[in-house]
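A.B. asks: Got a predicted structure plus its sequence, pasted below:
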Amino acid sequence: KRKIKLCRICLNPTEDDICHICQDETRDQNVICVVEEPDALAAIEESGVFHGTYHVLHGALAPLDGIGPEHLRLSELLVRIAGGRIEEIILATNPNVHGEATALLITNMLKEKNIKITRIAMGVPMGGDLKYIDKMTISKSLEFRRGI
């Protein structure tokens with residue numbers, strides 16, 4: 001019986017020291033997609049469109065619940081970035097108050113570094129009907145609109 005542990009690079013649960021994603025040499029090792037939890041990583045992987053690496057924070061900022069920056073796996077992210085090969089950080093935290101606060105914290109932590117920082121798009125889901133979409137989602141959809 002094998003024991004599940006955290007990948008020593010991205011902190012995704014794995015049976016090995018390094019997970020299959022971090023071991024995959026075909027992936028772009030210069031791009032890190034930061035997610036709150038392993039299930040978000042799994043959802044992105046299932047889409048089949050992202051070919052970089054990940055970093056799992058194992059949480060999001062929630063000061064009222066006693067979860068501060070020291071409870072997130074941020075130091076490991078900074079160590080990876082200090083290695084010097086990272087060109088882009090994609091912030092894929094959840095589109096809620098905690099995820100937004102976490103994304104802002106990471107952005108502020110990294111603003112002095114020479115790294116492109118991007119945030120996943122937010123808005124109306126494919127197949128969605130606008131009359132059923134909440135005001136905040138409509139607002140974000142308009143704010144993050146793009147040309148066609």
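C.D. replies: Cool, got the structure. This one's a predicted model, so the numbers in the text were calculated from it and none came from an experiment.
A.B. asks: Let me see the ranges of the helices in this protein.
C.D. replies: 20-23, 38-47, 74-82, 97-110, 135-143 (DSSP state H).
A.B. asks: Report the mean confidence score over the third one.
C.D. replies: Mean pLDDT, taken over the full extent of helix 74-82, equals 95.
A.B. asks: what's it packed up against?
C.D. replies: strand 31-35, strand 53-56, helix 97-110 (3 or more C-beta pairs under 8 Å, 6 or more residues apart in numbering; DSSP states H and E). For every residue, glycine as well, the C-beta is placed using N, CA and C.
A.B. asks: and that helix, which residues are buried?
C.D. replies: For helix 74-82, the neighbour count (16 or more other C-beta atoms under 10 Å) marks 74, 76-77, 80-81 as buried.
A.B. asks: before we move on, what about the first one?
C.D. replies: Neighbour counts using 16+ other C-beta under 10 Å place 21-22 of helix 20-23 among the buried residues.
A.B. asks: what's the distance between the nearest residue to residue 5 once chain neighbours are set aside and residue 90?
C.D. replies: Distances taken as C-beta to C-beta, 6 or more residues apart in numbering put residue 14 closest to residue 5, at 6.6 Å, once the chain neighbours are dropped. Separation of residue 14 from residue 90 (C-beta to C-beta, to the nearest Å): 21 Å.
A.B. asks: on that earlier part again, and of the buried residues of helix 74-82, the nearest to residue 20?
C.D. replies: Among the buried residues of helix 74-82, residue 80 lies closest to residue 20 (C-beta to C-beta), at 17.8 Å.
A.B. asks: That closest one: what's it in contact with?
C.D. replies: With contact set as C-beta atoms under 8 Å, 6 or more residues apart in numbering, residue 80 has these partners: 9, 32, 55, 86.
A.B. asks: Throw those into CSV and include pLDDT, thanks.
C.D. replies: Below are those laid out as CSV (pLDDT from 0 to 100):
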residue, pLDDT
9, 96
32, 98
55, 98
86, 96
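A.B. asks: Any chance of a markdown table for those residues, columns distance to residue 49 and neighbour count?
C.D. replies: Putting the contacts of residue 80 into a markdown table (distance: C-beta to C-beta, whole Å; neighbours: other C-beta atoms under 10 Å) gives the following:
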| residue | distance to residue 49 | neighbour count |
| --- | --- | --- |
| 9 | 21 | 21 |
| 32 | 16 | 23 |
| 55 | 18 | 25 |
| 86 | 20 | 22 |
